[in-house]
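Q: kindly generate the corresponding structure for this input.
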Amino acid sequence: MNKERTPVKPRVPRIKRVQSHEIRIIGGQWKRTKLQVADKPGLRPTPDRVRETLFNWLGQDLTGWRCLDVFAGTGVLGFEAASRGAKQVQLVEHDAALVAQLKQVQTQLHAHEVQITRGNGVAVLRQALAASLDLIFLDPPFESDLFAPAVQAAAQAVSPRGWIYLEAPVAWTAPQAQALGLQLHRHLKAGMVHAHLLQRAEPAPAVAG
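A: Residues are numbered from 1 along each chain as shown. You can find the predicted model right below:
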């Protein structure tokens, strides 16, 4: 007697979910606001401690500042700047999924002063008007060779009293900064991150003849 076979259910492939976590804005009008961040290889949101130190260095109030983040990633540095009063913040990111996420955060915060651009960060920085920016965020992928080109372009775009914030896997020395017309104002090491605050070097005083 033949037994009736139980029909085999078709195997349904599992959908791989993108894991996410939260970061929070630590100061300004959006203080304590939590933002969802997708876990992507190489994506390193600047830690709370480092951001808090950075904005202490900058004086907390960025009212009227013009800012550019050329490797935006999560956008947390740029959104922090806008939260603290910056009048213009441009976030540049080449990854389409991250650009979409940045736009979601922009909508969530009603951040009208934030502009999001998909593109090459160094190229956008090179196109900026000379001495036109008050604050430039540089956080290239640690495994990349973009550090020197980005700092060199930023040195031309930053205003005489403006600031360049640089995150790198190694410390940048004062002579390295001086070679690009910059001076090292502050340095912090937190875990694997070296955080630097750079400014245009002041011209040497004229020597009387």
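
Q: in the chain, which spans are helices?
A: 48-58, 76-83, 96-109, 121-127, 147-157, 174-179 (DSSP state H).

Q: so what's the gap between the fourth one and the chain middle?
A: In this case it means helix 121-127. Relative to its chain's centre, helix 121-127 lies at 14 Å (Cα atoms, centre = their mean, to the nearest Å).

Q: list the buried residues in the longest strand along the chain.
A: In the chain, taking DSSP state E as the definition, the longest strand is strand 158-168. By neighbour count on 16 or more other Cβ atoms under 10 Å, the buried set for strand 158-168 is V158, S159, G162, W163, I164, Y165, L166, E167, A168. All C-beta spots, glycine's among them, are computed from the backbone N, C-alpha and C.

Q: need the max-distance pair from the residues you listed.
A: S159 and A168 (22.4 Å; Cβ to Cβ).

Q: what residues are up against the residue nearest the centre of the chain?
A: For the chain, the residue nearest the mean C-alpha position is A72 (4.1 Å; Cα atoms, centre = their mean). For A72, the contact set (Cβ atoms under 8 Å, 6 or more residues apart in numbering) comprises G78, L91, V92, E93, L98, L102, I116, G121, F137.

Q: low pLDDT regions in the chain?
A: 1-20, 38, 41-42, 203-209 (pLDDT under 70).

Q: now tabulate the buried residues of strand 158-168 in TSV and tack on distance to A130.
A: Shown next, in TSV, are these (distance: Cβ to Cβ, whole Å):
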residue	distance to A130
V158	9
S159	9
G162	12
W163	16
I164	14
Y165	19
L166	19
E167	24
A168	24
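
Q: between the residues you listed, which is nearest E143?
A: A168 (11.7 Å).

Q: run a quick neighbour tally on the nearest residue to that closest one once chain neighbours are set aside.
A: In space, and not counting its chain neighbours, A168 is closest to H194: 5.1 Å by Cβ to Cβ, 6 or more residues apart in numbering. By the criterion of other Cβ atoms under 10 Å, H194 has 17 neighbours.
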